[in-house]
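Engineer: build me a model from this:
(chains A and B)
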Number of protein chains: 2
Amino acid sequence: MCQLLGMNCNTPTDIQFSFEGFARRGGLTDEHADGWGIAFFEDSAARCFIDNTPASASPVAELIRSYPIRSKHVISHIRKATVGAVKLPNCHPFVRELWGQAWVFAHNGDLKDFQPELSGDYLPIGDTDSEHAFCLILQTLKSSFGLRRPDNRPSLQDIESVIRPLCAQIAQHGTFNMLMSNGEALFAHCSTRLEYIVRAYPFKQAHLIDCDLKVDFGQVTTPNDRVAVIATTALTDDETWTPFAPGSLLVFQDGQPVLADGTPLPNN
Amino acid sequence: MCQLLGMNCNTPTDIQFSFEGFARRGGLTDEHADGWGIAFFEDSAARCFIDNTPASASPVAELIRSYPIRSKHVISHIRKATVGAVKLPNCHPFVRELWGQAWVFAHNGDLKDFQPELSGDYLPIGDTDSEHAFCLILQTLKSSFGLRRPDNRPSLQDIESVIRPLCAQIAQHGTFNMLMSNGEALFAHCSTRLEYIVRAYPFKQAHLIDCDLKVDFGQVTTPNDRVAVIATTALTDDETWTPFAPGSLLVFQDGQPVLADGTPLPNN
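Structural biologist: The predicted model follows:
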């Protein structure tokens, strides 16, 4: 199994505090040492850093820890290999382009007897069940809405209405906790385990579980900032994280959930 | 304008020596300071590092200089912005998936009045002429050969026969020096300026132009190694680089050119 970390914000924010704790689970405080990756959006483009060494010891992870990259959508993954060898082509997140946007995807869980019929429009490069699921999602979006230009992309609600039943269908094959983003919204599907927290004004301090590090968010934010962090399990021990209901799909925008299983949520 | 660097080898090799000189042209010994990028293949997957700071000062470039990533196909680019703002979505190399392989592309030059008809199968994420050209190439490959599986991909010769006239057609719009790879071969099209060198046994020493650094390749290779390095202009001052003929397309495999304008070359 693997672990997921996502961040969605209303203003570009760095993920260094959360990543510091999360990366330690890649071989130090937990067993997810078979590669890792992190993707940051800037507008519709994503840059993705992956490495097939443990996140706790990777020179690329050291770069991420020391180089603050600010982004509104971040997805990270540490891998404990189950399906597919320990090699770079099997490291999450995976990235593809659809409708002139990068789409980024990472998955936690195992899918059994999962050989989706892929038309060939999107094919996996590695051999994980996860990348097969990602290709199926993009293929389904493309076949549902056709070839769209940046100025007539489907609405968020329309996209969600295709993704939600598909996630449920994929989850019939096993555990399917996943994070996905197109740089406009962050989709988070919980099959067994996923938690999130929304940090907003007035900001407090927080202390990591995986190492003795704390930050006073009041010192590094403005009153207008809002940040949602999503993780397989809580990263801090002095904040209240909200568990996802199994089977649920939340869509995050501007640092908060805006759709829960298709239902619009009130703005905070 | 920009500068290109490519490497193609018969065994996974690191590019640190060449990159050391090349990166200095990104703001130090030359003016290409508007972002940069480098992509390394592992099998059919590519990992791409991009940054919108000058290569000579970028923390990501510092990682590449200090972390030896071995690969058989590497493409790098330093940018001097002409078409498209200085931002991450406009940094080369660009990456897309076709037939279950990553394809990586970088371009040096300007294209005028170039608005190719893109069906929507591949759309640019940024707004450079270069990414438009890349999308046109992939779209043309896909429409020429259809949806292929990894076990029935077109041959190298067939792919080359589609790319070559397309490069000539794109080059009618301006300067089109480009490097592209799918992890099996490296395609290099010269419109105005591109040079290459093949290093093989017996290896000698080489000295960089852009900084006072030399390496004795005999100390870091085996007799079976062969490496081709392709660059906008020669990176060393004590080796003989071969200039491309303007309008030519060379295809490199296993560290040497194997096709020149469609004609198979004898193995060395």
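
Engineer: only C-alpha atoms for contact and neighbour calcs from this point on.
Structural biologist: Fine.

Engineer: can you give me the helices in the stretch 51-200 of chain A?
Structural biologist: Taking DSSP state H, counting those that start in this stretch, the helices of the stretch 51-200 of chain A run over residues A:59-66, A:129-145, A:156-171.

Engineer: any idea of the pLDDT on the residue of chain A positioned farthest from its centre?
Structural biologist: Most distant from the centre of chain A: A:Q219, at 26.3 Å, with distances by C-alpha atoms, centre = their mean. pLDDT for A:Q219: 92.

Engineer: what's the neighbour count on A:I75?
Structural biologist: The number of residues packed near A:I75 is 29, by other C-alpha atoms under 10 Å in any protein chain shown.

Engineer: thinking again about what came up before, point out the one among the helices of the stretch 51-200 of chain A that comes closest to B:Q101.
Structural biologist: Nearest to B:Q101 among the helices of the stretch 51-200 of chain A is helix A:129-145 (12.9 Å), distances taken as C-alpha to C-alpha.

Engineer: for that closest one, buried residues please.
Structural biologist: Of all the residues in helix A:129-145, those buried under the rule 16 or more other C-alpha atoms under 10 Å in any protein chain shown are A:129-142.

Engineer: tell me where the model's unsure across chain A.
Structural biologist: Along chain A, segments meeting pLDDT under 70 span A:1, A:268.

Engineer: let me see the ranges of the strands in the stretch 101-250 of chain A.
Structural biologist: A:101-108, A:177-181, A:186-189, A:195-200, A:205-207, A:214-216, A:226-231, A:242-243, A:249-253 (DSSP state E, counting those that start in this stretch).

Engineer: contacting residues for A:A228?
Structural biologist: Applying C-alpha atoms under 8 Å, 6 or more residues apart in numbering or on different chains, we find A:A228 in contact with A:7-9, A:196-199, A:252, A:255-256.

Engineer: any chance of TSV for the strands of the stretch 101-250 of chain A, columns distance to B:I125?
Structural biologist: Shown next, in TSV, are the strands of the stretch 101-250 of chain A (distance: least, C-alpha to C-alpha, whole Å):
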stretch	distance to B:I125
strand A:101-108	6
strand A:177-181	15
strand A:186-189	18
strand A:195-200	30
strand A:205-207	36
strand A:214-216	35
strand A:226-231	25
strand A:242-243	34
strand A:249-253	20
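
Engineer: does the biggest strand by length in chain A come close to chain B?
Structural biologist: In chain A, taking DSSP state E as the definition, the longest strand is strand A:3-13. No - counting by C-alpha under 8 Å from any C-alpha of the partner chain, chain B is not contacted by strand A:3-13; separation bottoms out at 13.9 Å.

Engineer: beyond that strand, next helix or strand please.
Structural biologist: helix A:16-24 (DSSP states H and E).

Engineer: measure how the next helix or strand after that following helix sits relative to helix A:59-66, angle-wise.
Structural biologist: Later in the chain than helix A:16-24, the nearest helix or strand by DSSP H and E is strand A:36-42. Per axes from the mean of the first three to the mean of the last three C-alpha atoms, to 10 degrees, the angle that strand A:36-42 makes with helix A:59-66 is 50 degrees.

Engineer: then strand A:36-42 to PDB, C-alphas only?
Structural biologist: The C-alpha trace of strand A:36-42 is given here as PDB (Å, rounded to 0.1, in the frame of the first residue of the first chain):
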ATOM      1  CA  TRP A  36       7.700   8.600  -4.300                       C
ATOM      2  CA  GLY A  37       6.600  11.600  -6.300                       C
ATOM      3  CA  ILE A  38       5.200  15.100  -6.000                       C
ATOM      4  CA  ALA A  39       3.500  17.300  -8.600                       C
ATOM      5  CA  PHE A  40       2.900  21.100  -8.400                       C
ATOM      6  CA  PHE A  41       0.500  22.900 -10.700                       C
ATOM      7  CA  GLU A  42       1.200  26.400 -12.200                       C
END
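
Engineer: show me what that strand is packed against.
Structural biologist: Applying 3 or more C-alpha pairs under 8 Å, 6 or more residues apart in numbering or on different chains; DSSP states H and E, we find strand A:36-42 packed against strand A:45-51, strand A:71-78.

Engineer: follow-up on the earlier one: and the helices of the stretch 51-200 of chain A as JSON lines, adding distance to chain B?
Structural biologist: As requested, those are exported to JSON lines (distance: least, C-alpha to the nearest C-alpha, whole Å):
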{"stretch": "helix A:59-66", "distance to chain B": "7"}
{"stretch": "helix A:129-145", "distance to chain B": "9"}
{"stretch": "helix A:156-171", "distance to chain B": "18"}
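
Engineer: given the longest strand of chain A, what are its sheet partners and their directions?
Structural biologist: Here strand A:3-13 is paired, per DSSP bridges, with strand A:71-78 (antiparallel), strand A:226-231 (antiparallel).

Engineer: contacts for it?
Structural biologist: A:15, A:22, A:32, A:69-79, A:106-108, A:178-179, A:185-186, A:225-232, A:252-256.

Engineer: circling back: pick the most buried one from the helices and strands packed on strand A:36-42.
Structural biologist: Of all those, strand A:71-78 has the most neighbours on average by mean count of other C-alpha atoms under 10 Å in any protein chain shown, namely a mean of 30.

Engineer: may I ask which two of the buried residues of helix A:129-145 are separated the most?
Structural biologist: Checking those with C-alpha to C-alpha, the most distant pair is A:D129 and A:K142, at 20.1 Å.

Engineer: would you agree A:G174 is in contact with A:G109?
Structural biologist: Yes - between A:G174 and A:G109 there is a contact under C-alpha atoms under 8 Å: 7.1 Å.

Engineer: so between the two, which is more surrounded?
Structural biologist: A:G109 (21 against 16).

Engineer: so what's the residue count around the closest residue in space to that one that isn't next to it in sequence?
Structural biologist: Leaving out its chain neighbours, the residue that sits closest to A:G109 by C-alpha to C-alpha, 6 or more residues apart in numbering or on different chains is A:T175, at 4.5 Å. The number of residues packed near A:T175 is 19, by other C-alpha under 10 Å.

Engineer: dump the residue contacts of A:T175.
Structural biologist: A:108-111, A:191-192.

Engineer: and A:D151, how many neighbours does it have?
Structural biologist: Using other C-alpha under 10 Å, A:D151 is surrounded by 8 other residues.

Engineer: check the gap between it and chain B for me.
Structural biologist: Distance from A:D151 to chain B, counting by C-alpha to the nearest C-alpha, to the nearest Å: 12 Å.

Engineer: what parts of chain A come near chain B?
Structural biologist: A:42-50, A:59-60, A:63, A:67, A:88-89, A:96-102, A:119-126, A:147-149.

Engineer: can you select the buried ones among those for me in ChimeraX?
Structural biologist: Paste this into ChimeraX to select the buried members of these, with burial taken from 16+ other C-alpha under 10 Å:
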select /A:42,43,44,45,46,47,48,49,50,59,60,88,89,96,97,98,99,100,101,102,120,121,122,123,124,125,126,147,148,149
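
Engineer: counting neighbours, what do you get for the nearest residue to A:A200 once chain neighbours are set aside?
Structural biologist: Excluding its sequence neighbours, the residue lying closest to A:A200 (C-alpha to C-alpha, 6+ apart) is A:R226, at 4.7 Å. Neighbour count for A:R226, taken as other C-alpha under 10 Å: 20.

Engineer: which of the residues in stretch A:248-268 are buried?
Structural biologist: Buried residues in stretch A:248-268, defined by neighbour count with 16+ other C-alpha under 10 Å: A:248-259, A:261-262.

Engineer: meant to ask about stretch A:160-174, not that
Structural biologist: Those would be A:160, A:163-164, A:167-168, A:170-171, A:174, for stretch A:160-174 by 16+ other C-alpha under 10 Å.

Engineer: do stretch A:24-33 as well
Structural biologist: Counting neighbours by 16+ other C-alpha under 10 Å, stretch A:24-33 gives A:24-27, A:31-33 as buried.
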